[in-house]
Every structure is written in C-alpha cells, then in structure tokens.
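**Q** Next input, structure requested:
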Amino acid sequence: MSELTGRDAVDLAGVTWRTSSYTANAGNCVEVGSGAADYIAVRDTKDRGRAPARASHAAWCAFMAATKSGAFS
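**A** Alright, predicted model coming up:
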C-alpha cells in the first residue's frame, strides 16, 4: 500500500505504528512505524497522510541509544 504518489510514495505495507506511552492529549505526537524491511518510519499524528520520515535500522538504533543516554538533554 502506498499512501502517496511520485517522489513521496512510501510502501507502508506491513508497517505497524505505535505512539509513545508518554504522549499526552496535547496533539504534539509522533508515531514510530516498524515492520518494513529496510527502514523505521516516523510520522506526525496530526498529518498521517504525509510521507513519513525514514531512517535505517542502524541509524534509528543509534538515535535511540543517544536519546536514552541523555545526549539530547
């Protein structure tokens, strides 16, 4: 399934989306999609029809490790 066409087309078949348990009802939320073979997808919950940002599995793991270590605090 592709939500968009042209250069923004993203095959989201098999992607399972999840929202952080820290998400409040303020509307400032992102969802992380896993299940694609070659990337992790991230999208804004206010604009789910827009193409998600994508990162390789290695880049996502590095980002999460840096986040957990407090590198962005």
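
**Q** switch to C-alpha atoms for all contacts and neighbour counts from now on
**A** OK.

**Q** Need the pLDDT of the residue nearest the centre of the chain.
**A** Nearest to the mean C-alpha position of the chain, by CA atoms, centre = their mean, lies Val42 at 1.4 Å. Val42 is assigned a predicted lDDT (pLDDT) of 94.

**Q** Let me see the contact set for it.
**A** When contacts are counted by CA atoms under 8 Å, 6 or more residues apart in numbering, Val42 touches Val30, Glu31, Val32, Gly33, Pro52, Ala53, Arg54.

**Q** now it, which residues is it bridged with?
**A** On the basis of DSSP bridges, Val42 is bridged to Val32, Ala53.

**Q** wait, what's in contact with the residue nearest to Gly14 when sequence neighbours are not counted?
**A** Nearest non-adjacent residue to Gly14, counting by CA to CA, 6 or more residues apart in numbering: Gly35, 5.6 Å away. Counting by CA under 8 Å, 6+ apart, Gly35 makes contact with Gly14, Val15, Thr16.

**Q** now do Ser20
**A** Counting by CA under 8 Å, 6+ apart, Ser20 has contacts Val30, Glu31.

**Q** returning to what we had before: just among the contacts of Gly35, which is most surrounded?
**A** Ranked by neighbour count (other CA atoms under 10 Å), those have Val15 at the top, with 16 neighbours.

**Q** any idea what sits nearest that one, other than its immediate chain neighbours?
**A** The shortest distance from Val15 to any non-neighbouring residue, by CA to CA, 6+ apart, is to Gly35 (4.6 Å).

**Q** Tell me the spacing between that neighbour and Asp11.
**A** Distance of Gly35 to Asp11, computed by CA to CA, to the nearest Å: 11 Å.

**Q** Near Asp11, how many other residues are there?
**A** Neighbours of Asp11 (other CA under 10 Å): 13.

**Q** Ok, the one 10 residues further on next?
**A** One way to gauge burial is a neighbour count; for Ser21, by other CA under 10 Å, it gives 6.
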